[in-house]
Each structure stands twice: as C-alpha cells, then as structure tokens.
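Trainee: what follows is a predicted structure for the sequence shown.
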Amino acid sequence: MAIVKCQTVVNILEELAPRKLAESWDNVGLLVGDGRQEVKKVMVCLDVPEWVVDEAVSKNVDMIIAHHPIIFSGMKKINNDNVLGRKLLKLIKNNISVYCTHTNYDIVKNGLNDAFADLLGFEEHQIIEETTQEKLLKLAVYVPQGYELKVMEAMSNAGAGFIGAYSHCSFRTNGVGTFKPTEGAKPFIGEANKLEEVQEYKLETIVPEKLLSKVLRDMQKVHPYEEVAYDIYELANKGKRQGVGRLVVLEHDKTLMELAEDIKQKLGISTIRLAGDRYKSVRKLALLNGAGNKFVNSAYFSGAQVLITGDMQYHEILDAVEMGISVIDAGHYATEKLMSKKIAEHLIERFNALKYDVEVFESETNIDPVLNI
Ligand SMILES: [Zn+2]
C-alpha cells in the first residue's frame, strides 16, 4: 500500500471543489499542517470547535476536513490565552492538519448547494448568483494531411471540442504550409536548408482554459512534426457557469406551510422558522444552505417567492418579507450537516479506487450546538 501524503488528500479535494471557486472573502485550503505529512486517518466535520479537536486527538486523526474555516481573519498571536490559539497549538502539537472546503464546495456543481436541493427532493435546479464562468479558447493547429483525424481525436479525448452535448467539435480548412529545416533540425518531411511546401489542414477546436495544457500535451504526442505550429485565441464566448444558490420551480404550487412541513421531514428536524403568509401558494424557490442573510436580493431578482435557507437574522427576514419574499429558515447546521457525509463518501470512493489505505469517518462530536426546545 502506498504512503498517502496530506498533499495527495488536498489534491483529491481540490479536484472535487477547486479552491479558485471560493468567494473572495473566504479562507479555504490547507489552513493548518504540512503537505508532506503522512495521512492514515481522516475525520470530516462541519466545524472545528475545541471538542472536535479533542476527538481528533483521542482518535489519532492525521487530518481534519471541515466546511467552516478554522482561521477566518488575520491573527497576531497563537497562544493559550484564547480558544483559537489553544486549538491551533493542540492541532500542531498532535500533527493534525486541517483542510477547509467552504464556499468552493457550496458553489461547485454537485457540491453542497446541489446536495441540499437534492436532499429536499428537487431534481432540476439552476444557479441564482453567478460567481465564475469558464474561460474558453480557440486552438488552431496545423497538421499534415493524413494526420488530421488522429490529432483531432487526441485533442477531443483530452477535453477539447465540447459544445453543449456535442463532443469532437472541430473545423478544418485546407492550405499549404511552408518551412525550411535549418541545421540541427530532424524534420518529419523535407531536408535541411530546402524550402518545403506541404498540404496541411488548419484544424480548429474549442478548449476550456483549464484543460489547455493537457490538450496541448496530448496533441503534441500524436502530431508527427518535431515543432508543432499552433495558435491560441481568447474567445468572448463563455463556458460553464458556476454560482451560489439554487433556483427550483415546482411542478405544482404549495402553500408555505406545506413546504415548511415537507422540509422539516426531509431534514429530520422538529422545528423550523417561517416568515410570510403561511397560506400563500408558492412555486419558485430560492435555496441556499448555511447563512442566507446576504442572499435576499439575489433571491428577489431571481424571481423566487420564498428563500429556503438557514441562520437568517431578524432584520434580513423583515427586509425579505417587505420585498415580497417569504423565508423558511431550517437552521445553519441542519442545512449543511450533509457536507461531512458527502465528503467522507467521496474520499472513501477515491481512496478505494486508488488503493490507498486511509481510514475516513465523520466526527461524532460535531453536533448542532443549538437545541430547539
Ligand atoms: Zn455554513
């Protein structure tokens, strides 16, 4: 069995939820620890209060994966005078790393926003507030005739040429390429110091920026030329959108009361906060796990009639109701606790596929600190 380093676990998590998707105010990534450290036990949780650190110490955990960043704002000292300093000292003394995947995991497709909507039983959901849009490039490569399909296939298999539900999208035009090999060149066609004219195709395809190096590498592997000529253009076309919040349109109207009861049952909670006319029929719902305070305007402009979230404050609830949006607040923990299950399942699946001997489990002490009585 291979030794698994902390950085390997980080890479697996960042494939799932790239760090660059996080909101600008957020603090995500490896917040405590050393990427070179060996990892045998991983514990997943929503928060890292001191009792969760104690649980990790008692269970010999090497790495904690949390949703809410353990360090959020600037620190001037780390000592035992305050809770955060105490926690950090305890983590470092016990060789426990902490990786936080927060708004990047909320936002990413099939991340927590989607998982929350799925949990509530909504299959179709759209983004409410766009945060990033994939940059697209046009790659034009010059290929001698007879090699165009091989090169196109290699680029397409590396992720180029996708337009909507279509793969292998490309366009090629016939032309004449010229070159003169100089001393030291090892030309596929032609000889040194003699001008060559070759029938070539200009093969064009679309490439998401993040896949460009892979596409170029795979293209060059099958291209017969020693020096491959290609052009890369930035496109004004935009690729896949990523964003925060999900908009759901119900097939049939529901009253706010019916919706709230349904959500209580799906989340397994006995109380829920509701603001607005409980008998009002609604069809368009804005969903956001966690704190939804700053989301009222986006929900309003998306046309939602109700905002389903957790952790709303009094004045923001009042603002929402005045704007005409009802609010269903199921609590911060209840709307996000599935994060630890989802991340643990993903890590177990990846570790098994890679034959990594790493134990993964969810924290038992990271329960809802709020008791609704
Ligand atoms: Zn949260």
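Mentor: Yep, it's here.

Trainee: which positions in the stretch 151-300 of the chain make contact with the ion?
Mentor: Residues of the stretch 151-300 of the chain lying close to the ion by CB under 5 Å from the ion are Gly290. Quick note: C-beta positions are derived from backbone N, CA and C, even for glycine.

Trainee: how about the residue in the stretch 151-300 of the chain that the ion sits nearest to: what's its closest non-neighbour residue?
Mentor: Closest residue of the stretch 151-300 of the chain to the ion, CB to the ion: Gly290 (3.1 Å). Spatially, and ignoring its direct neighbours in sequence, Gly290 is nearest to Glu336 (5.3 Å; CB to CB, 6 or more residues apart in numbering).

Trainee: OK, contacts around the one you found?
Mentor: Residues in contact with Glu336 (CB atoms under 8 Å, 6 or more residues apart in numbering) are 46, 67, 112, 116, 289-290, 310.

Trainee: out of the residues you listed, which are inside strands?
Mentor: Applying DSSP state E to the contacts of Glu336, the entries found in strands are 289-290, 310.

Trainee: as CSV, those residues with neighbour count and pLDDT would be great.
Mentor: Below are the ones in strands among the contacts of Glu336 laid out as CSV (neighbours: other CB atoms under 10 Å; pLDDT from 0 to 100):
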residue, neighbour count, pLDDT
Asn289, 29, 96
Gly290, 24, 95
Gly310, 22, 94
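
Trainee: any idea how far the residue of the stretch 151-300 of the chain closest to the ion lies from Leu112?
Mentor: Distance, Gly290 to Leu112, using CB to CB, to the nearest Å: 8 Å.

Trainee: shared neighbours, the two?
Mentor: Common neighbours of Gly290 and Leu112 (CB under 8 Å, 6+ apart) are 106, 336.

Trainee: please save the CA atoms from stretch 188-202 in CSV.
Mentor: Output in CSV follows, covering the C-alpha atoms of stretch 188-202 (Å, rounded to 0.1, in the frame of the first residue of the first chain):
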residue,chain,number,x,y,z
PHE,A,188,9.5,14.6,-40.4
ILE,A,189,9.2,15.8,-44.0
GLY,A,190,11.9,17.5,-46.1
GLU,A,191,15.7,18.1,-45.7
ALA,A,192,18.0,20.7,-44.2
ASN,A,193,18.1,24.1,-45.9
LYS,A,194,15.5,23.3,-48.5
LEU,A,195,12.2,25.2,-48.6
GLU,A,196,9.3,22.7,-48.3
GLU,A,197,5.6,23.2,-49.2
VAL,A,198,3.3,20.7,-47.6
GLN,A,199,-0.5,20.2,-47.9
GLU,A,200,-1.8,20.8,-44.4
TYR,A,201,-5.0,21.3,-42.6
LYS,A,202,-5.7,24.1,-40.2
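
Trainee: the residue nearest to Pro181 when sequence neighbours are not counted in helix, strand or coil?
Mentor: In space, Pro181 comes closest to Pro187 once its chain neighbours are excluded; the distance is 4.2 Å by CB to CB, 6+ apart. Three-state call for Pro187 (DSSP: H, G, I helix; E, B strand; the rest coil): coil.

Trainee: number of nearby residues for Pro187?
Mentor: 16 (other CB atoms under 10 Å).

Trainee: for it, give me its contacts.
Mentor: 179, 181, 196, 226.

Trainee: could you redo the last one with a cut-off of 10 Å?
Mentor: 179-181, 194, 196, 225-227 (CB atoms under 10 Å, 6 or more residues apart in numbering).

Trainee: select the longest strand from this protein.
Mentor: Assigned via DSSP E, the chain shows its longest strand as strand 230-255.

Trainee: could you say which helix or strand holds the spatially closest residue to Gly239 that is not a sequence neighbour?
Mentor: Of all residues not flanking Gly239 in the chain, Glu134 sits nearest, at 3.0 Å (CB to CB, 6+ apart). Secondary-structure element containing Glu134, defined by DSSP states H and E: strand 126-144.

Trainee: thank you, goodbye.
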